[in-house]
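# What follows is a predicted protein model with its sequence.
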Amino acid sequence: MTTQAATTRDRTAPPRRATDDVAPSSPSRTRRRPRPRMSTAERRRLRTGLLFISPWIVGVLAFVVYPLVYSFVISLTRYSGMQTPSFVGFQNYVAAFTDPLVRTSTGNTLFYAGLAVPLGLVVAVVLALCMNRNVREVAVYRAALYVPSLVPAFALAFIFAVFVNPQFGLVSRLLALTGRQNVDLLQDPTTAKIVIVTMAQLGAGNAALIFLAGLRNIPTTLYEAARVDGAGRWKQFTSITLPLLSPAILFNLITGISGALQVFTEAYVLTNGKGDPDNGTLFYMLYLYKNAFSYASLGYASALAVLLFLAGMILSLVVYVASRRLVHYDVAAG
Amino acid sequence: MTAVLEPRTGTGPATPPSRPSRTRARRTSGRAPDGSTYGGWSAVLVRVVMIALCLLFLLPLYWMVASSLETNEEMATYPPTWWPAVPQLGNYVDAVNTFPFWTMFANSVIITIATVVFSVVSNFLVAYGFACVDWPGRDKLFYVVLGTLFLPFPVTLIPMFDLFANLGWVNTYLPLIVPHLFASAFYTFLLRQFLLQVPKDMLDAARVDGAGEWRIAWRLVFPSALPAITAVAIFSAVAAWNDFLGPLVYLQDTNVQTLSVGLQYFRSTQTEDLQYNQLMAASVLVVVPLVVLFFVFQRYFLRGISLGGFK
């Protein structure tokens, strides 16, 4: 029981100590807490290890720690990128909370995330199930369902601009069949967002690959046992597949939320950077970008970035904590 | 049952390091999740549904190719033209000539290649340090790597822009490629998971033979990690080729601009009379290299994530 569970347990989980060490039995116990002085060999290994990971150390300092601190500092100033920043305290934050466009863009982003994230998970699971079918031509399905994920967001935006073009777009033509002539979906704030949500589903292939890897790690014996017990396909799906996919679902959920909060390119390309119509596709990130690079208010944009960062982190943490009871890392738990 | 109670970071003592995951993956590959096969009508129905789904997913790509070969009149006809009467290859010539396509293409290629090389080297070294060298505090520090995995990118945008602007790097490739010299959480994670499968005995044997770590890393471990390294290479290539925000922020001059923002530029130069067929032709030219890459490295694309023992 233990062995089987161990071989199939989650490998996304951080450091697996036991496999790292030469000692076959639990090294965490052999390493005593009140550590005596490091041996020469240990010190040499430490130096070697740090040398190998030094690019990452530099990277974290330069591209994570420094920007975080700098963002916060700049967010307390008025700064156009040219002159020296002048300190204004929390004024930018106060302004952000009263700015109607912050409210609009936050609303747009939450609308998008609320639709795109759950839909994206469902689509990705469906794609993964298709990619995992036991049929001869499965390689064709895998390719067909994954290739659209390679198409960059800006090119997809152009294709969808053609699809929904009121004069000749395929979608507008279909709408015309229902009696509505020359509908321009991009001229309505809500449908414009729905077009962007739809577009994003074509990129579900990447999340699907993570689900596919998860599906392949589920031992077939479980399904055989379930069939012997008389469980139907749906029962097998909800009682075996979903619980055992839960680590992958959690991963895709968190990356999905993080990606949705940053939605930018599609809206920028579709509306030429304007966020039309009526600020209906002015997503938070687009508004942040405009503040930084069109209006040259880097201080205010930094405040927006810090708020987005905090919101993203809090949301991820909430999801992670809330999911603890639901995520199964072990086969035996299923 | 007992397994439920164990912390998820441990591995049972009876389990040899990670090898089971790979053999398992091979054994069950191509299986339905429930290991069953369908017969009769059920098989037909499943196929019909899957084919419909594939067609739906390929429709945008098909439409892009078809429209790129149509005349403007054909694009506007009703009912819609599914395939042009005479494919207008001239659209491609016109598209390429209306904006500095080849310059931008070269820029995209240079940035992508530099990104791939830098990513592979830096992430491999860091992953080696986290997987193949045993040093105190290693696993604790790896939690920090995982912590940065979910760091939202926007918070770094403005400070990085300010920094690179002060360095005089705006309108050069540097802001887009130099950061890749310093590893990234996701690729490091992916490679580390794979490198953990390298037998410890092999490394120790090489060390006893007097090989230095650098030599072991490049001569011994790198070749055996090629599947995972290929995966990192192609994922970073796609990400670099498709990047939009980076070039938009750092490259204002058309001489250094990439295709991603170049296409947007192409579109904005034609505000009054936008030639959609040419825009589609230019889009096809952007997508084709990716599709070629996919078909050449197909199994790495599809296996890449499971290589790392992702579950």
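Good, I have the coordinates. Bear in mind the structure is a predicted one, so any value in this text is a computation, not a measurement.
# if I read this right, residue B:282 contacts residue B:101, doesn't it?
Yes: between residue B:282 and residue B:101 there is a contact under CB atoms under 8 Å: 7.0 Å. Backbone N, C-alpha and C define where each C-beta goes, glycine included.
# which stretches of the stretch 201-334 of chain A aren't confidently modelled?
Within the stretch 201-334 of chain A, the stretches with pLDDT under 70 are A:330-334.
# Helices of that one, residue ranges please.
Secondary structure of the stretch 201-334 of chain A (DSSP state H, counting those that start in this stretch): helices at A:205-216, A:220-228, A:233-236, A:242-261, A:265-270, A:284-289, A:298-323.
# so who does residue A:179 touch?
Residue A:179 sits next to no residue when contact means CB atoms under 8 Å, 6 or more residues apart in numbering or on different chains.
# what pLDDT does it get?
Predicted confidence (pLDDT) for residue A:179: 78.
# Check the secondary structure at it for me.
Three-state assignment for residue A:179 (DSSP: H, G, I helix; E, B strand; the rest coil): coil.
# Quick check: which of the helices of the stretch 201-334 of chain A is nearest to residue B:63?
Closest approach to residue B:63 among those (CB to CB): helix A:265-270, 16.2 Å.
# Residues in contact with that closest one: which ones?
A:152-154, A:156-158, A:160-161, A:186, A:192, A:195-196, A:199-200, A:275, A:281-283, A:286, A:289, B:244-245, B:248, B:264.
# mind running it again at 6 Å?
Outside helix A:265-270, the residues that touch it by CB atoms under 6 Å, 6 or more residues apart in numbering or on different chains are A:153, A:154, A:157, A:196, A:199, A:281, A:283, A:286, B:244, B:264.
# got it, and stretch B:139-155?
With CB under 6 Å, 6+ apart, stretch B:139-155 has contacts from A:14-15, A:64, A:71, A:254, A:258, A:262, A:285, A:305, A:308-309, A:312, A:316, B:130, B:185, B:188.
# repeat for stretch B:282-291
Residues contacting stretch B:282-291 (CB under 6 Å, 6+ apart): A:150, A:151, A:155, A:158, B:64, B:65, B:68, B:95, B:259, B:263.
# Please apply the same query to stretch B:103-116.
B:173, B:176-177, B:180, B:233, B:236-237, B:240-241, B:256-259, B:262.
# Can you get me the centre-to-centre distance for that stretch and its chain?
Averaging C-alpha positions (CA atoms, centre = their mean, to the nearest Å) puts stretch B:103-116 15 Å from its chain's average.
# buried residues in it?
B:103, B:104, B:105, B:107, B:108, B:111, B:112, B:114, B:115, B:116 (16 or more other CB atoms under 10 Å in any protein chain shown).
# Which of residue B:282 and residue B:101 has more residues huddled nearby?
residue B:282 (28 against 19; other CB atoms under 10 Å in any protein chain shown).
# Pull up the per-residue confidence for that one.
Confidence score, pLDDT, at residue B:282: 92.
# Repeat that for residue A:21.
Value for residue A:21, per-residue pLDDT: 43.
# next one: residue B:224
89.
# give me the low-pLDDT residue ranges for chain B?
Looking at chain B by pLDDT under 70, you get B:1-39, B:271-272, B:304-311.
# distance between the lengthiest helix in it and the chain's centre?
Ranked by residue count, the top helix of chain B under DSSP state H comes out as helix B:101-131. Relative to the centre of its chain, helix B:101-131 is centred 11 Å away, using CA atoms, centre = their mean.
# ok, back up a step: give the ChimeraX command for selecting the buried subset of the contacts of stretch B:139-155.
Per 16+ other CB under 10 Å, the buried members of the contacts of stretch B:139-155 correspond to this ChimeraX selection:
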select /A:14,15,64,71,254,258,262,285,305,308,309,312,316 /B:130,185,188
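# nearest to residue A:41, of the contacts of stretch B:139-155?
residue B:130 (19.0 Å).
# residues contacting the closest one?
Residue B:130 touches B:142, B:192, counting by CB under 6 Å, 6+ apart.
# Taking the contacts of stretch B:139-155, tell me the two that lie furthest apart.
Spatial extent of the contacts of stretch B:139-155 (CB to CB) is set by the pair A:15 and A:285 at 33.3 Å.
# can you list the domains in chain B?
Domain assignment for chain B, taken from automatic domain parsing, gives B:38-88, B:97-307.
# Please name whichever of those is nearest to residue A:75.
Closest to residue A:75 of the domains of chain B, according to CB to CB: domain B:97-307, at 9.0 Å.
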